[in-house]
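>>> give me coordinates for this.
(one chain, ligands or ions: 2)
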Amino acid sequence: MIETTKIIKISNNSSAIQIEWADGQKSIFHYLWLRDNCPKDIHPTARERLFNLVNVSEDIRPESYEIKKSGELEIKWNEGEHTSIFETNWLRNNCYTIKSKKEYISPYKLWDKSLINNLSEISIQCEEIMNSKKKLINWLEILINYGISIIKDGPTKKESGLEVLNRISHVRETFFGTPFEVINIPNPNNTAYTARGLENHTDLPYFEIPPGYQFLHCLINDADGGMSSTIDGFKVADYLRKNELETFEILKKIEVKFINNDYTQKTIRVVNYPLISLTKEGDYKEIRFNISQTGTIECDPNQMEKFYKAYRRFAELLHSKEFSVNFKLAKGDIFSFDNRRVVHGRTEYNPNSGHRHLQGYYMDRDEIQSRLNYLKEIKI
Ligand code: OGA
Ligand code: ZN
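Numbers count the residues shown, from 1 in each chain. Ligands and ions are numbered 1, 2, ... in the order given. Reported below is the predicted structural model:
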């Protein structure tokens, strides 16, 4: 046992046990919380709780408790003839007195056009993530912190991107298929499947939860044009929050309708969300931005002028040189980004000048974070 987790004093009152630790920290553990988290009532393989808190009274309390010689806290409960044993490290790791005092620290590293000079910070050789756990961790951390990464020198066979992504997890299916083929075709059901330029956007904003990550695997990119552009939407939101608060507040408040009526599908999709959403801590949660897939705005008429002013300003910044990183994808690159944070686009290309074929994949944010948690062996 490490010194900081040693218990030096234990006491109790009518509702909780109090612990003083060797490093001076103090914890309060409420009785019902302790009973609810008894390690004996966790299924050994399912790792799920078997105990139902309604099967004890609100007033459950210890008949007796003691710190064992081994350092564990043993509690004999006054109900249900049950004894719980808590390891000291577990108590310390799960101390909500200490945790609830901790200041929130954002994981995000916001970026602007200057990232083009530091592309090595977000680039990784494909072979390294295929063969090294450390590099895989590195990739996942980049995806979470920067929301953008470019995998270099990957395979170029059709669907080979999947082997790389399976280092993380399974992908998210959509009606565009897996992978979706970003190629110039007749009668496309999406403007991405043309040779047109695409304004910066996030994909699939008309889903309740749009895919967290997108991976564009470049199989060939020999045509003239087809330059990629990308902007950190959280950086733009942060700029507005610091410099144009009224615009920021409107974008956060007014809901926008996103629509899809795909001619190859029997669905009509409609959802309403603001363009900027925050977490409960006030950090950035999500940007939805897709001019092509936005329906008619239906806010209160008194808000319409303000809304359009803010929307135009946001659109302007989400295409501005100050924030934009532009590059041409090379054969074997996997352009990977947080689709609920980063906007992406491309310039028009000339399909008669050469070939351009990307294969696209989606993955939920859960898959990225939960694999990283596992690889880093976090305690839960
Ligand atoms: C897409 C897209 C960009 C590109 O398929 O969603 O934005 O570079 N493609 O073709
Ligand atoms: Zn797209």
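>>> distance check, residue 241 against ligand 1.
For residue 241, the distance to ligand 1 equals 27 Å [C-beta to the nearest ligand atom, to the nearest Å]. For the C-beta atoms, the positions are set from N, CA and C on the backbone; glycine is no exception.
>>> so where's this structure uncertain?
Counting by pLDDT under 70, the chain has low-confidence residues at 1-4.
>>> in three-state terms, label the closest residue to ligand 1 within the stretch 51-200 of the chain for me.
Per C-beta to the nearest ligand atom, the residue of the stretch 51-200 of the chain with the smallest distance to ligand 1 is residue 192, at 3.5 Å. At residue 192, secondary structure determined by DSSP: H, G, I helix; E, B strand; the rest coil is helix.
>>> the one 3 residues further on too?
For residue 195, the assignment made with three-state DSSP gives coil.
>>> how about it, what does it touch?
Contacts here follow C-beta atoms under 8 Å, 6 or more residues apart in numbering; on that basis residue 195 touches 184, 223, 225, 348, 349, 350, 351, 356.
>>> one step back: contacts only, for the residue of the stretch 51-200 of the chain closest to ligand 1.
Residues in contact with residue 192 (C-beta under 8 Å, 6+ apart) are 182, 198.
>>> look up how far residue 279 lies from it.
For residue 192, the distance to residue 279 (C-beta to C-beta, to the nearest Å) stands at 30 Å.
>>> ok, now residue 251?
Distance of residue 251 to residue 279, computed by C-beta to C-beta: 16 Å.
>>> higher neighbour count, these two?
Higher neighbour count among residue 251 and residue 279: residue 251, with 25 against 11, using other C-beta atoms under 10 Å.
>>> who in this protein is up against ligand 1?
Counting by C-beta under 6 Å from any ligand atom, the residues of the chain lying close to ligand 1 are 182, 192, 198, 203, 216, 228, 344, 346, 358, 360.
>>> looking at those, which is nearest residue 245?
residue 344 (27.0 Å; C-beta to C-beta).
>>> wait, isn't that closest one in contact with residue 199?
No. Between residue 344 and residue 199 no contact is recorded; they are 10.0 Å apart, counting by C-beta atoms under 8 Å.
>>> in three-state terms, label residue 310 for me.
Under the three-state scheme (three-state DSSP), the conformation of residue 310 reads as helix.
>>> bridge partners for residue 344, pull those for me.
Going by DSSP bridges, residue 344 is paired in beta bridges with residue 201, residue 230.
>>> residue contacts, it?
Shown in contact with residue 344 (C-beta under 8 Å, 6+ apart): 200, 201, 202, 214, 216, 228, 229, 230, 335, 337.
>>> helices of the stretch 201-350 of the chain, start to end?
233-243, 245-253, 301-317 (DSSP state H, counting those that start in this stretch).
>>> ok, residue 311 touching residue 247?
No. Counting by C-beta under 8 Å, residue 311 sits too far from residue 247 to count as a contact (9.1 Å).
>>> how about the strands of the stretch 1-150 of the chain, start to end?
In chain order, the stretch 1-150 of the chain shows strands spanning 7-12, 16-21, 26-30, 62-67, 73-77, 83-86, 123-125, 148-152, with DSSP state E, counting those that start in this stretch as the criterion.
>>> include mean neighbour count and distance to residue 316 when you put these into a markdown table, please.
Conversion of the strands of the stretch 1-150 of the chain to a markdown table gives the following (neighbours: other C-beta atoms under 10 Å; distance: least, C-beta to C-beta, whole Å):
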| stretch | mean neighbour count | distance to residue 316 |
| --- | --- | --- |
| strand 7-12 | 13 | 58 |
| strand 16-21 | 18 | 53 |
| strand 26-30 | 16 | 51 |
| strand 62-67 | 14 | 63 |
| strand 73-77 | 19 | 59 |
| strand 83-86 | 17 | 56 |
| strand 123-125 | 16 | 29 |
| strand 148-152 | 22 | 21 |
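>>> turn those into JSON lines, columns for distance to residue 108.
Formatted as JSON lines, the entries for those read as follows, by distance: least, C-beta to C-beta, whole Å:
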{"stretch": "strand 7-12", "distance to residue 108": "37"}
{"stretch": "strand 16-21", "distance to residue 108": "32"}
{"stretch": "strand 26-30", "distance to residue 108": "31"}
{"stretch": "strand 62-67", "distance to residue 108": "42"}
{"stretch": "strand 73-77", "distance to residue 108": "38"}
{"stretch": "strand 83-86", "distance to residue 108": "35"}
{"stretch": "strand 123-125", "distance to residue 108": "19"}
{"stretch": "strand 148-152", "distance to residue 108": "11"}
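>>> run a quick neighbour tally on the residue of the stretch 201-350 of the chain found nearest ligand 1.
Proximity of the stretch 201-350 of the chain to ligand 1 (C-beta to the nearest ligand atom) peaks at residue 346, 3.5 Å away. For residue 346, the number of neighbouring residues by other C-beta under 10 Å comes to 25.
>>> same question, the one 5 residues further on
The criterion is other C-beta under 10 Å. On that basis, residue 351 has 16 neighbouring residues.
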